[in-house]
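Student: predicted coordinates and the sequence they were generated for:
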Amino acid sequence: MVTTLAAGSSSPSARNASALLNGLVNYESFMPSFKFAGTAELMQRYEVKAASLKVDPLGYAFAPFAYAAGQLTAQAVTETKSLDPDKLAAYLHSHTVDTVVGPLAFGADGEWTRAGIVFTQFQNVQRPRPRPV
């Protein structure tokens, strides 16, 4: 999937980028525009907590995947009624789990069965104009 960040985008990266970024392609593991069950609520809670701790208020790089890891573990433990790592792995290799980053499924090799990387490209970004004082 390719997402284009155009001039006027609400993305913090696009707002602060200069014209030198035009054409740059980057990869993302998560985008705030992804809409999965629980994602918006998680990020709202995260942003409030992050502000009070003075850490990254956006947290899109880590918070959703950390929460999804908990969702994967919780469902595997609940369904297998076990903490045995082999049983948990067998469950996760044979079931898709709905998470805040979307449905996740793992193959026999332990990798995702469906890639989750998104590529973005900056286009039509102009150097910000100085604000009047």
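Tutor: It's in.
Student: can you count the residues close to Tyr60?
Tutor: Around Tyr60 there are 18 other residues, counting by other CB atoms under 10 Å. C-betas here are computed from N, CA, C, even on glycine.
Student: swap in Val118?
Tutor: Val118, neighbours per other CB under 10 Å, totals 16.
Student: my guess is it contacts Asn26. True?
Tutor: No. Applying CB atoms under 8 Å as the test, Val118 and Asn26 come out as separate, 9.5 Å apart.
Student: so who does Val101 touch?
Tutor: Phe30, Phe34, Phe36, Thr39, Pro64, Phe65, Ala68, Gly116 (CB atoms under 8 Å, 6 or more residues apart in numbering).
Student: what's the pLDDT at it?
Tutor: As predicted, Val101 sits at a pLDDT of 89.
Student: next one: it from Leu24, what distance?
Tutor: Val101 sits 24 Å away from Leu24, taking CB to CB, to the nearest Å as the criterion.
Student: now do Leu72
Tutor: Where Leu24 is concerned, Leu72 sits at a distance of 33 Å (CB to CB).
Student: and these two? which has more neighbours close in?
Tutor: Leu72 (18 against 14).
Student: domain assignment for the protein?
Tutor: The chain breaks down by automatic domain parsing into domains covering 1-29+117-133, 30-116.
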